[in-house]
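Peer 1: Here is a sequence with its predicted model. Questions after.
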Amino acid sequence: MRSDDYTPELWTQLAPLQNDIRTDLMRNGAVLSLTFIDRQVEGKQRSYRYLLEFKDARAVERFVLDERDKVSLIQSELGEAKPDTAAADKK
């Protein structure tokens with residue numbers, strides 16, 4: 001994560017959480033793929049949605065960029081363990 005990629009407001013929230021974010025992502029296993037879902041334009045902001053496939057989970061993430069191409073919002077829309085992983089965890 002680089003501060004230059006985010007709006008100052010969002011970076012203020014994310015900076016102290018970097019280690020927690022990294023730890024949470026590592027729990028999902030290796031990233032297998034990143035698939036573009038859609039793009040929306042709302043005024044001067046653009047919103048992008050991606051499906052992230054990890055070894056043990058999948059997630060849909062939304063990223064909103066402002067007019068300066070800085071990330072102003074990151075929103076998780078879906079996060080779930082893969083079915084075969086969830087069953088293995090119960091054993």
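Peer 2: Received the coordinates, thanks.
Peer 1: nearest residue to residue 10 other than its sequence neighbours?
Peer 2: Nearest non-adjacent residue to residue 10, counting by CB to CB, 6 or more residues apart in numbering: residue 72, 5.8 Å away. (Glycine included, C-beta is placed from N, CA and C.)
Peer 1: Test my guess that the one you found contacts residue 7.
Peer 2: Yes - with contacts counted by CB atoms under 8 Å, residue 72 reaches residue 7, the gap being 4.6 Å.
Peer 1: Sketch out the strands for the protein, chain order is fine.
Peer 2: 31-42, 45-54, 57-65, 71-81 (DSSP state E).
Peer 1: wait, which of those is closest to residue 14?
Peer 2: Across those, residue 14 has its closest neighbour in strand 71-81 (8.0 Å, CB to CB).
Peer 1: what is the orientation angle of that closest one with strand 57-65?
Peer 2: Here strand 71-81 runs at 170 degrees with respect to strand 57-65, directions being taken by axes from the mean of the first three to the mean of the last three CA atoms, to 10 degrees.
Peer 1: Mutual contacts of residue 72 and residue 7, please.
Peer 2: Taking CB atoms under 8 Å, 6 or more residues apart in numbering as the contact criterion, the common neighbours of residue 72 and residue 7 are residue 66.
Peer 1: which ones are touching the residue nearest the centre of the chain?
Peer 2: Nearest to the mean C-alpha position of the chain, counting by CA atoms, centre = their mean, stands residue 61 at 4.5 Å. Taking CB under 8 Å, 6+ apart as the contact definition, residue 61 lies against 49-50, 52, 74-77.
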